[in-house]
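K.L.:
Turn this into a model:
(chains A and B)
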Amino acid sequence: MDVRVRFAPSPTGFLHIGGVRTALFNWLFARHEGGKFILRIEDTDKQRSERRFEDDILKNLEWLGITWDEPPARQSERLEIYEKNLKNLLDSHKAYYCFCTPEELEDEYQAQMSQGLVPKYSGKCRSLSEEERAVKQLKNPGVIRFRMRDHVVSFSDMIRGKVEFNTALFGDIIIAKSLREPLYNFASVIDDADMKISHVIRGEEHLSNTPKQIMLQEALDLPTPKYAHLPLILGADKKKLSKRVLTNSLNDYRAQGFLPSAIINFLMLLGWHPSDDKEVFTVPEMIAAFSIKRVQKAGAIYNPEKLDWFNAMHIRQLSDVELAQYLKPFIPEEWASDKNRLLRAIAVTKERMKSLTDFQKEAGFVFAVAEYPATMLVWKSATVPQTITRLEYVHALLTKDDGVVFPSEHTATALMEYANKEGRGDVLWPLRVALSGREASPGPAELLRILGKDESVRRIADAVQKLKHTL
RNA sequence: GGCCCUAUCGUCUAGUGGUAGGACAAUGCCCUCUCACGGCAUAAACAGGGGUUCAAUUCCCCUUGGGGCUACCA
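P.N.:
Purely as a prediction, here's the structure:
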């Protein structure tokens, strides 16, 4: 059997982290099995669907590298096929028109509940004659209901095993508002069959829709795909994440400097685990390792700190040149155009970054020294505050350096000898502050190397001036 | 309320009918002029009750907790 899976979002909001996880598991499954991954836009709800959301979903999936194998299908462009199947169902009396108003239904449900009964459609319009139907339809277009056969539906979920539902509890569900306005359970069944979807991998919130869809498949004589219902991603409050705010939109993650591979790695391990303890995966490794059998059953609480960690790990796995590309949207243009300096800045900053947005503040000193007080140059544990003369000594030492590599091995040795003699903190601290303008920074040796001779000497001279003016 | 799903450290999880392992976060120590990295270490879990069994975290049942669904949304 050809493996064909789909991600079927409804464009009623920006792509969010829960949707990405569903897409990802489908995609990993397809890639692992050598099958096809298909995108289907479920935009049957005309009120809530918006083109900008569809664009957002496609754009972000692309950014994540979750690629689709066929042009995306849009349900709003497939109305003929739904209409045809709806007519078929109507003609064979497996579906019928219902003219009960929402108000009537509401009253009915209230009455049932007050008697302690399960609210369920009474079946009032189930056996209207053709004439009655025609008369009623004059003033009320009605909706189309599916005649639900009382039956215990049993199916085997790839993740949960055998699941059973009694359809008698559902009543006759509405499958379309009109011949050209299908509703989710119906449109989804038609499309999965028409697109020859072999495995339906979706969120657990659809578990209770599955028996309804299976009954529809039976009525339409369509095959039943294999089902896998993924555990939900929950927020810190343990509620379904997608119900929560839009701070979980992918656009936000992107703007906050997360790498696509880090997001994917993090999401893959939320509800899935390899047979060993490996955690940091490249995308090809994920595809190779993925198996639906090892998907978790219980919902997983989303843990932003671990995402930060994955992001830091993935940033480190990038080459300096690759990282420079990712950094582009997060840095001033002057930085990006000064390629050599940028690459050197990346080299010392890479392992200090948890997010791409960290670069600007971590590496800013490479491009310009921020204003700092002269007192910062004095080491807090300085035995004797001779900061000026020590910096002057270092300045003189470096000025003499004419090695091709700065500082030359000879100078570097001399510098460390001096530091060991005078006290490391007494020499290295002021030197480091003079070079970076900051209390926390990479070490002085690294700074000298990335700044180069001219800039280093200039910065130290500036520091000496600063001290002289202040004291 | 009804139906369904589910239950191992704070979080993500491994695991087995017979010492409960890893990761994130936390804490401490080491490295060290600072920050970060790194290294080492500490603390931290089988929801409860019944069975089955020589033995249950593991298998079964119940309870409890959590979640989802219960739309003319998907």
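
K.L.:
ok, and what's touching the worst-scoring helix or strand of chain A on mean pLDDT?
P.N.:
Counting by mean pLDDT, DSSP states H and E, chain A has its least confident helix or strand at helix A:102-114, which shows a mean of 89. By Cβ atoms under 8 Å, 6 or more residues apart in numbering, the list of residues contacting helix A:102-114 from outside reads A:100, A:118-122. Yep, even glycine has a C-beta here, placed from its N, CA and C like the rest.

K.L.:
CSV for these, including distance to RNA strand B, pLDDT and neighbour count?
P.N.:
CSV is the format used below for the contacts of helix A:102-114 (distance: Cβ to the nearest atom of the strand, whole Å; pLDDT from 0 to 100; neighbours: other Cβ atoms under 10 Å):
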residue, distance to RNA strand B, pLDDT, neighbour count
A:100, 6, 94, 18
A:118, 5, 84, 11
A:119, 6, 88, 13
A:120, 8, 91, 15
A:121, 8, 95, 19
A:122, 12, 91, 15
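
K.L.:
so which of these comes closest to residue A:168?
P.N.:
Proximity of the contacts of helix A:102-114 to residue A:168, judged by Cβ to Cβ, is greatest for residue A:120, which lies at 8.6 Å.

K.L.:
Tell me who's in contact with the residue nearest to that closest one when sequence neighbours are not counted.
P.N.:
Beyond its immediate neighbours in the sequence, the residue positioned closest to residue A:120 (Cβ to Cβ, 6 or more residues apart in numbering) is residue A:171, lying 3.8 Å away. With contact set as Cβ under 8 Å, 6+ apart, residue A:171 has these partners: A:120-123, A:148.

K.L.:
which parts of the stretch 301-450 of chain A sit against RNA strand B?
P.N.:
With the criterion set to Cβ under 7 Å from any atom of the strand, the stretch 301-450 of chain A comes near RNA strand B through A:301, A:303, A:305-306, A:308-309, A:351-352, A:379, A:424-425, A:428-429, A:432, A:439-445.

K.L.:
In helices, which of these appear?
P.N.:
In helices, judged by DSSP state H, the following of these are found: A:305-306, A:308-309, A:424-425, A:428-429, A:432, A:444-445.

K.L.:
Does residue A:184 touch residue A:43 like I think?
P.N.:
No: under the contact definition of Cβ atoms under 8 Å, residue A:184 does not touch residue A:43, with a separation of 11.1 Å.

K.L.:
Between these two, which is the more surrounded one?
P.N.:
The residue with more neighbours, out of residue A:184 and residue A:43 and counting by other Cβ atoms under 10 Å, is residue A:43; that gives 21 against 18.

K.L.:
ok so that one is a strand residue?
P.N.:
No: for residue A:43, which was evaluated using DSSP: H, G, I helix; E, B strand; the rest coil, the result is coil, with no strand membership.

K.L.:
what helix or strand is the closest residue to it other than its chain neighbours on?
P.N.:
Nearest in space to residue A:43, with sequence neighbours left out and distances taken as Cβ to Cβ, 6+ apart, is residue A:49 at 3.9 Å. When secondary structure is defined using DSSP states H and E, no element contains residue A:49, which sits outside every helix and strand.

K.L.:
State the distance from residue A:49 to RNA strand B.
P.N.:
8 Å (Cβ to the nearest atom of the strand, to the nearest Å).

K.L.:
wait, what's in contact with that residue?
P.N.:
The contact partners of residue A:49, by Cβ under 8 Å, 6+ apart, come to A:10-12, A:43, A:76.

K.L.:
let's see 7 Å
P.N.:
A:10-12, A:43 (Cβ atoms under 7 Å, 6 or more residues apart in numbering).

K.L.:
same deal with residue A:151?
P.N.:
For residue A:151, the contacting residues are A:167, A:215, by Cβ under 7 Å, 6+ apart.

K.L.:
Can you check what pLDDT the model gives it?
P.N.:
The predicted local confidence for residue A:151 comes out at a pLDDT of 95.

K.L.:
and what of the one 3 residues further on?
P.N.:
In the prediction, the pLDDT value recorded for residue A:154 is 95.

K.L.:
and what of the one 4 residues further on?
P.N.:
At residue A:158, the predicted lDDT confidence score is 96.

K.L.:
what's the answer for residue A:245, then?
P.N.:
Predicted confidence (pLDDT) for residue A:245: 51.

K.L.:
Can you pull out the low-pLDDT segments for chain A?
P.N.:
Low-confidence segments of chain A (pLDDT under 70): A:242-247, A:471.

K.L.:
For it, which segments count as strands?
P.N.:
Assignment of strands within chain A using DSSP state E yields the ranges A:4-7, A:36-41, A:73-74, A:95-98, A:143-146, A:152-157, A:161-166, A:174-178, A:181-182, A:199-203, A:226-230, A:233-234, A:300-301.

K.L.:
now what about the first one, what contacts it?
P.N.:
Contacting residues not belonging to strand A:4-7 are listed as A:22-23, A:26, A:29-30, A:35-40, A:195-199, A:201 [Cβ under 7 Å, 6+ apart].

K.L.:
close to RNA strand B, is that strand?
P.N.:
No: counting by Cβ under 7 Å from any atom of the strand, RNA strand B has no neighbours in strand A:4-7; the shortest distance is 10.9 Å.

K.L.:
Then the fifth one?
P.N.:
Yes: contact of strand A:143-146 with RNA strand B (Cβ under 7 Å from any atom of the strand) involves residue A:143.
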